[in-house]
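Participant: Structure, please.
(one chain, ligands or ions: 3)
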Amino acid sequence: MIEQQLALYLVMGSQNCKHDPVETLEKAIQGGVTFFQFREKGLGSKIGKEKIELGIRLKEVCHQYDVPFIVNDDLELVNELDADGLHIGQKDGDMKKMKDSLKSYQMLGVSTHNLDEALEAKNLGADYIGVGPMFNTLTKDDIEEVNGPIVIEEIREQLPNVPLVGIGGIKHHNASQVIEAGANGVAVISDITQAESVKEATERLVGKVIRL
Ligand SMILES: Cc1ncc(COP(=O)(O)OP(=O)(O)O)c(N)n1
Ligand SMILES: Cc1ncsc1CCOP(=O)(O)O
Ligand SMILES: [Mg+2]
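Facilitator: Ligands and ions are numbered 1, 2, ... in the order given. I've put the predicted structure just below:
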């Protein structure tokens with residue numbers, strides 16, 4: 001189930017959006033987004049009450065279309081919004097503690113950059129693993145080295161059944177490389193959030209990630 005849901009994963013905060021964030025999410029879901037992460041972070045992002053209010057509206061949109069609503073980094077916000085899960089990176093705290101703090105219906109996603117981190121994340125009970133950066137990106141300024149879809153191939157060889165998603169610099173013209181390497185899906189920010197037509201940009205990506 002989660003393997004199919006990960007097909008087209010939108011990661012987004014208001015700071016990423018060319019248009020209104022709630023509209024952006026709705027159009028993206030109508031275009032084919034299947035999984036969502038609220039990542040309100042960095043320059044221009046909302047904080048405090050405004051962040052919570054935006055989270056509430058984005059979760060409503062997700063649930064209207066049966067799309068899981070995941071929160072980036074912040075366990076407190078997961079609880080406040082009763083999100084469907086938490087996504088954490090290697091520097092976001094004790095993975096085991098985070099996993100244990102979640103409710104049984106909440107998923108844990110973990111960011112990794114190589115096979116060793118993926119094996120550790122799997123052992124600690126990650127429900128899915130993000131791998132990146134696949135390609136160069138200007139969206140996140142503290143990215144690790146770009147090693148490309150080959151890292152997905154290495155992880156897939158050792159972990160044939162783990163739900164995997166690639167992230168970083170993924171656009172409609174390179175998304176199929178990530179899927180062919182063995183990912184269940186791609187996670188995207190700017191190719192969708194910066195598009196003039198969010199729905200059309202999403203539809204272009206769908207064509208590259210759905211296995212026929
Ligand atoms: C699906 C997915 N994969 C990777 C990341 C990156 O997480 P992290 O390294 O913790 O960086 P931030 O996103 O917190 O800046 C992600 N968010 N989602
Ligand atoms: C959150 C994150 N984690 C690794 S790269 C990245 C940014 C992805 O953004 P884009 O899809 O615009 O390259
Ligand atoms: Mg993080």
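Participant: Could you identify the longest helix within this protein?
Facilitator: In the chain, assigned by DSSP state H, the helix with the most residues is helix 48-64.
Participant: so how many other residues sit close to whichever residue of the chain sits closest to ligand 1?
Facilitator: Per Cβ to the nearest ligand atom, G89 is where the chain lies closest to ligand 1, at 2.0 Å. In this view, the C-beta of every residue, glycine as well, is placed from N, C-alpha and C. By other Cβ atoms under 10 Å, 18 other residues sit near G89.
Participant: Let me see the contact set for it.
Facilitator: For G89, the set of contacting residues under the criterion of Cβ atoms under 8 Å, 6 or more residues apart in numbering consists of D73, V110, S111.
Participant: Skipping adjacent residues, who's closest to the last one in space?
Facilitator: What sits nearest to S111 in space, not counting adjacent residues and going by Cβ to Cβ, 6 or more residues apart in numbering, is G89, at 4.0 Å.
Participant: ok, which stretches of this structure are helices?
Facilitator: Under the criterion DSSP H, the chain contains helices at 2-5, 21-31, 48-64, 75-81, 95-101, 115-123, 150-158, 175-180, 190-193, 198-209.
Participant: which stretch among these comes nearest K140?
Facilitator: Of all these, it is helix 190-193 that lies closest to K140, at 10.1 Å by Cβ to Cβ.
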